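Novice: Give me coordinates for this.
(one chain, ligands or ions: 1)
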Amino acid sequence: MDPEQFRRLGHQLIDWIASYLGCIEELPIRSSVQPGQIFAALPDEAPERGEPWEVIIGDLDRIVTPGLTHWQSPGFFAYFPANGSFPAILGDLVSTGLGVNGMLWATSPAATEIEMRVLDWLGRMIGLPDDFLFRSADRTGGGVIQGTASEATLVAMVAARTRTLRSVAARGVSAADAASRLMLYTSTQAHSSVIKAAMIAGLAAHAEDRTHLRLIDVDRGFALDPDRLGHQIAHDEAAGMIPCFVCATVGTTSSTAIDPIDRIGPLCNRPGSAPSGGTRVWLHVDAAMAGAACICPEFRHLLQGIEHADSVSFNPHKWLLTSFDLAAMWTRDRRAIIDALSITPEYLRNAATSGALGAEVVDYRDWQIPLGRRFRALKLWFVIRHYGVEGLRAYIREHMRLAALFEALVRADRRFELLAPRPVSLICFRLRPLEGEDPAATDARNARLLEAVNASGRVLLSHTVLPIRTIDGVHQAFTVRMAIGGSRTQQHHVLAAWKLIQSVADDPAVCLRST
Ligand code: PLP
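Specialist: Numbers count the residues shown, from 1 in each chain. Model prediction:
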């Protein structure tokens, strides 16, 4: 392909994307393809000869689009959003066009230093203390772009492990002995990526292995109970275990519960007489969705106590107009991350890394799992510069307003009930149990409600279970989730979704007890 052909096709494909996003509202949100259908639509073998571009582009309409769930649709309220924007798409395009690999400062200084600066901006936007930023005087902190929140958690966990093993080694405890006694903590409501990180880090043999991982119970608002955490840490220390890592969540996936960092933080930093020589536990804060809200001063309280944390991350790709994938992560202890992840074979040695240029440089390969990295900072840079901080705040505030509106509508309809507090823009609700109804039957009615709403093609919701206390104990109640945060979602979409939910609830197959 020569540059002129690229230019022509590039314009055509930009047109295609603009048209797709322009008419996305008309497409059924959920794909109706059957498993294997797309696979079968493609030839068994790769084409021997290059194909004409009209055919390739035609297949976007013929094969790809029908097989999509339209995440950018304004009626998409499922999971958390993966909201994108035109500035972010352009940033990604330029990043791909430049084709640089920013693994080392030396392999593209602009990729590294723009990322450093933009993460300092973003960190300040959400109110992080300076010691999480590159601008801090003591140069111990800084931010990095990871692909996902899961990667950020894994990076934090391995940094915690390395820091703990080094600290106990200084007191003569062998790495093998200490490693067998490490303990990780998170809440029962934390994202599964914490358990997955433990599995990858070799601290859980499988998803149910709790040898090194404690899932701490939550309070009635589904937030981690710090008293239970404190007791568990003390109990484990007394038993000779070495507490190493706590993952607190600001905005849990199921209900956006906010773990109280200001109460968890002090538990992670206590002098003591335990084998670990007192507790210095790495506190990671996973604010994947809710962190974006903190760009508005009125929501900064969600991160209250963040000064206690060693690392924090949130996903601009969820709720800050920065197309997937981009997870921002900051640490106050970059040395620990570098100690855990740095390895320099001969082929990566260079003057900048070794300090021969007279200044310390950031080599982001030492802050992440892979070696290579895309120039992701460009899209975040474009987004922040295009909208400005005020524009982004207005965006978040509008979603918060819509969420409050939807919550009020649910509250006003006696057939429904809210199942969780709403700190940000996720509403957890269900059809109320009928008089004397078995909890399983209530769940089944709500599952039917969800399926009927989603089958409409106009709205897509998702579900979770939340531990609801009943007179018979705790029931994992089927909960419908309405997550507001799509870049195209406006008030009339939210009202239309509620009208649809109400009309489905009128259907006897949904609203009446099963016989
Ligand atoms: N943490 C929380 C609280 C989440 O809600 C999610 C996803 O929704 C994740 C982590 C995982 O996100 P990612 O896909 O960026 O790894």
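Novice: going forward, measure contacts and count neighbours with C-alpha atoms only.
Specialist: Noted.
Novice: Check for me that residue 398 belongs to a helix.
Specialist: Yes - according to DSSP: H, G, I helix; E, B strand; the rest coil, residue 398 belongs to a helix.
Novice: what about it, how many neighbours?
Specialist: The tally of other residues near residue 398 (other Cα atoms under 10 Å) stands at 18.
Novice: cool, and the one 10 residues further on?
Specialist: For residue 408, the neighbour count with other Cα under 10 Å is 12.
Novice: now do the one 3 residues further on
Specialist: Here the count is done by other Cα under 10 Å, and residue 411 has 14 residues near it.
Novice: The closest residue to it other than its chain neighbours bridge partners, please.
Specialist: Distance criterion Cα to Cα, 6 or more residues apart in numbering; nearest residue to residue 411, sequence neighbours excluded, is residue 417 at 6.4 Å. Taking DSSP bridges as the rule, residue 417 bridges to residue 430.
Novice: how close does residue 417 get to the ligand?
Specialist: The gap separating residue 417 from the ligand is 23 Å, by Cα to the nearest ligand atom, to the nearest Å.
Novice: who touches that residue in this structure?
Specialist: Neighbouring residues of residue 417 by Cα atoms under 8 Å, 6 or more residues apart in numbering: 410-411, 429-432.
Novice: Using the three-state scheme, assign the closest residue to the ligand within the stretch 151-300 of the chain.
Specialist: Per Cα to the nearest ligand atom, the residue of the stretch 151-300 of the chain with the smallest distance to the ligand is residue 253, at 3.8 Å. Assigned by three-state DSSP, the conformation of residue 253 is coil.
Novice: Please give me every residue in contact with it.
Specialist: Residue 253 neighbours (Cα under 8 Å, 6+ apart): 80, 189-191.
Novice: out of the residues you listed, which touch the ligand?
Specialist: When contact is defined as Cα under 6 Å from any ligand atom, the contacts of residue 253 meet the ligand at 80, 191.
Novice: which of the contacts of residue 253 has the weakest pLDDT?
Specialist: Within the contacts of residue 253, the minimum per-residue pLDDT falls on residue 80 (95).
Novice: ok, back up a step: out of the contacts of residue 417, which one sits closest to residue 481?
Specialist: Of all the contacts of residue 417, residue 481 sits closest to residue 429, with 6.7 Å by Cα to Cα.
Novice: Would you double-check that residue 145 falls in a strand?
Specialist: Yes - assessed with three-state DSSP, residue 145 lies in a strand.
Novice: got the residues of the stretch 1-150 of the chain near the ligand?
Specialist: 80, 148-150.
Novice: Residue 311 contacts residue 329, doesn't it?
Specialist: Yes - in this structure, residue 311 is within contact of residue 329 by Cα atoms under 8 Å, at 7.1 Å.
Novice: Just list the residues touching residue 33, thanks.
Specialist: Going by Cα under 8 Å, 6+ apart, residue 33 touches 66-67.
Novice: Secondary structure element holding residue 163?
Specialist: Applying DSSP states H and E as the criterion places residue 163 in helix 149-169.
Novice: Quick one: mean pLDDT over that helix.
Specialist: Average pLDDT, helix 149-169: 96.
Novice: try stretch 338-357
Specialist: Mean predicted lDDT for stretch 338-357 stands at 94.
Novice: repeat for stretch 236-249
Specialist: Average pLDDT, stretch 236-249: 96.
Novice: cool, and stretch 311-324?
Specialist: The pLDDT scores in stretch 311-324 average 97.
Novice: Confirm residue 481 sits in a strand?
Specialist: Yes - residue state for residue 481 (three-state DSSP) corresponds to a strand.
Novice: So what pairs up with it in the strands?
Specialist: Beta-bridge pairing for residue 481 (DSSP bridges): residue 428, residue 462.
Novice: quick one: residue 306 from the ligand, how far?
Specialist: Distance, residue 306 to the ligand, using Cα to the nearest ligand atom: 16 Å.
Novice: Now that residue: closest residue in space that isn't a chain neighbour?
Specialist: For residue 306, the closest residue by Cα to Cα, 6+ apart turns out to be residue 261, at 6.4 Å.
Novice: OK, contacts around that neighbour?
Specialist: Contact analysis of residue 261 by Cα under 8 Å, 6+ apart lists 248, 285, 303-306, 308-309.
Novice: Next, count neighbours for residue 374.
Specialist: Residue 374 sits with 18 neighbouring residues when counted by other Cα under 10 Å.
Novice: where along the stretch 401-515 of the chain do the strands fall?
Specialist: 416-418, 426-431, 462-470, 473-483 (DSSP state E, counting those that start in this stretch).
Novice: again with the stretch 51-200 of the chain
Specialist: Using DSSP E, counting those that start in this stretch, strands in the stretch 51-200 of the chain cover 142-146, 182-187.
Novice: ok, back up a step: ranking the strands of the stretch 401-515 of the chain by mean neighbour count, which comes first?
Specialist: Highest mean neighbour count among those (mean count of other Cα atoms under 10 Å): strand 426-431, with a mean of 26.
Novice: what packs against it?
Specialist: helix 377-412, strand 416-418, helix 439-455, strand 473-483 (3 or more Cα pairs under 8 Å, 6 or more residues apart in numbering; DSSP states H and E).
Novice: Alpha carbons of it, in CSV - could you do that?
Specialist: What follows is strand 426-431, C-alpha atoms only, in CSV (Å, rounded to 0.1, in the frame of the first residue of the first chain):
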residue,chain,number,x,y,z
LEU,A,426,-24.4,2.8,39.0
ILE,A,427,-27.9,2.0,40.2
CYS,A,428,-28.5,-1.5,41.7
PHE,A,429,-32.2,-2.4,41.8
ARG,A,430,-34.7,-5.2,41.5
LEU,A,431,-38.4,-6.0,41.5
